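> Need coordinates for the following:
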Amino acid sequence: MATTEQRQRKREAVRLHARVTELSAQEVAQALQSVLGNELVSAVVGKGVRTIARWVSGDGAPPLAVERKLRNVYQIVSVIEAASSASTCRAWFMEMNPLLDEEEPVEALAAGRNREVMIAARTWVAVGLSAAA
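Below is the predicted model of the structure:
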């Protein structure tokens, strides 16, 4: 049987999923740009910095496969940012991560390991929150 904490985490995950679903591709790109910057977003999706800037400005839209990746990354960003600052979130994506065998989350995402990075993000938040308590 699920604990109260597990149920709460599941509710938060469902709310986050609903929020991401309601955003346009442009809004997702804008949100990612504001936290990660064009270079990190570019590294994750394998598109040029200028292309990211165009999507942010509304001049074109990412292909479906890239939009899916952007949405997944935004969910992960939201998990980290909800428990810390935007600058901490950005640093989290660039640093070697012991939960990812010392790989940077941005590199793991570029390789398509979205679920693994989400698990690392949720674990990092859970450990960080319990350590702060």
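> Number of residues surrounding L36?
By the measure other C-beta atoms under 10 Å, the count of residues near L36 is 23. Using the backbone N, CA and C atoms, a C-beta is placed for each residue, glycine as well.
> Hmm, S87 and it touching each other?
No - L36 lies out of contact with S87 (C-beta atoms under 8 Å); the separation is 10.8 Å.
> Can you list the neighbours in contact with the helix or strand of the chain with the lowest mean pLDDT?
Ranked by mean pLDDT, DSSP states H and E, the weakest helix or strand in the chain is helix 4-22, scoring a mean of 75. By C-beta atoms under 8 Å, 6 or more residues apart in numbering, the residues outside helix 4-22 that reach it are A2, V28, R71, Y74, Q75, S78, V79, R122.
> what comes into contact with stretch 39-54?
In contact with stretch 39-54 (C-beta under 8 Å, 6+ apart) are residues 29, 32-33, 36, 38, 60, 62, 66, 69-70, 73, 90, 93-94, 106-107, 109-110.
> Having no further points to raise, I will conclude here.
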